[in-house]
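Q: here is a sequence together with a model predicted from it:
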Amino acid sequence: MKIMRALALGLGQPSNYFDAVLQPSPYPRVKIIRYPAQPVSGGTPQGLGLHHDSGLLSFILQDSVGGLQVASGEHLVDVTPRAGAYIMNLGEMLQMATNGYLRATPHRVVSPAAGKERISVAYFFNPRLNAVFDQIPLPSELSTKSSGGQNRDPSDPVFKIFGANTLKIRMCAHPDVTQKFYADVDLKQV
C-alpha cells in the first residue's frame, strides 16, 4: 500500500487514489515456483516465457541460481540475484490506468543448467477482481509521455477490468485447460 500511495503521489493524484480498487479486499497471490534443471541433453532453456503480469505490482525473491530476465528496450537483461532483495515489476493495470506512462514489465525465466534447480517466491499485489481501471487524469507533463494503455502486440489486449485481464493471462498460459473447459469463452466479449 505504501508503494501504491507513493505511485499515486508521483502521478499527481492524492495518496489514497488507488484505495478504491484495493478495498474492501484486494486479490493478492503468493507463488513458490520451482524451475527444474534442464536435462543433460535435448532440453530447452525455457523456464517461463516472456510475459508481463496482469495486476498492479509483483515482488520476486530469487534464490542464488538466477535466471530472471527483464526487457530493457529490445534486449533482455539478466537480473543478478542479491540475497534478501526483491525485484518489483509493474503490471498491466498500472499500464492501463496511466495510458502507458507506466509500462508493465516484460520478463521471463531461463531454466537452470543441468544439475541445478531454481526456486523463487513471487508476491502479486492485485486489485479486487471486479476493479475497473479508467485512465488517471495525469498532469500534462506526464500525459505527453504516455504511449497508450494497450500492449504493443494487438493480440494481447489489456482489459479495463482486472478479472478479465487475469482470465486472459490464465487462458493463454494454459491452452489445454482453456480448450477443454472454456472453449466457448471469447475474451473479446469479456
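A: Good, I have the coordinates.
Q: quick one: the residue sitting nearest the centre point of the chain from Gln23, how far?
A: Centroid-nearest residue in the chain, with CA atoms, centre = their mean: Asp53, separated by 1.5 Å. To Gln23, Asp53 is 21 Å away according to CB to CB, to the nearest Å. The way it works is simple: take the backbone N, C-alpha and C, and place the C-beta from them, glycine included.
Q: one step back: wasn't the residue nearest to the centre of the chain part of a helix?
A: No - with DSSP: H, G, I helix; E, B strand; the rest coil as the criterion, Asp53 is assigned coil and is not in a helix.
Q: just the helices from this protein, written as ranges.
A: With DSSP state H, the ranges of helices along the chain come out as 2-10, 19-22, 92-97, 140-143, 162-173, 175-181.
Q: relative to Leu48, which of those is closest?
A: When the helices of the chain are compared by CB to CB, helix 162-173 sits nearest Leu48, at 9.3 Å.
Q: what packs against that closest one?
A: Packing partners of helix 162-173 (3 or more CB pairs under 8 Å, 6 or more residues apart in numbering; DSSP states H and E): helix 92-97.
Q: give me that answer again for 6 Å
A: Helices and strands touching helix 162-173, as assessed by 3 or more CB pairs under 6 Å, 6 or more residues apart in numbering; DSSP states H and E, are absent.
Q: buried stuff in that helix?
A: 162-169, 171 (16 or more other CB atoms under 10 Å).
Q: same thing with stretch 144-164?
A: For stretch 144-164, a neighbour-count test (16+ other CB under 10 Å) marks 146, 149, 151, 157-159, 161-164 as buried.
Q: returning to what we had before: so who does the residue nearest to the centre of the chain touch?
A: Residues in contact with Asp53, defined by CB atoms under 6 Å, 6 or more residues apart in numbering, are 89, 91.
Q: if you set the cut-off to 10 Å instead, what comes out?
A: Neighbouring residues of Asp53 by CB atoms under 10 Å, 6 or more residues apart in numbering: 60, 89-93, 104-107, 122, 124-126, 165-166, 169.
Q: what's the spacing between it and Pro112?
A: For Asp53, the distance to Pro112 equals 22 Å [CB to CB].
Q: same check on Phe159?
A: Going from Phe159 to Pro112 by CB to CB gives 34 Å.
Q: the residue sitting furthest away from the middle of the chain and Ala114, how far apart?
A: Relative to the mean C-alpha coordinate of the chain, counting by CA atoms, centre = their mean, the farthest residue is Ser41 (31.9 Å). According to CB to CB, Ser41 and Ala114 sit 9 Å apart.
Q: again, but for Gly12
A: 51 Å.
Q: tabulate the helices of the chain (a markdown table), appending distance to Arg29.
A: Shown next, in a markdown table, are the helices of the chain (distance: least, CB to CB, whole Å):
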| stretch | distance to Arg29 |
| --- | --- |
| helix 2-10 | 16 |
| helix 19-22 | 14 |
| helix 92-97 | 14 |
| helix 140-143 | 29 |
| helix 162-173 | 10 |
| helix 175-181 | 18 |
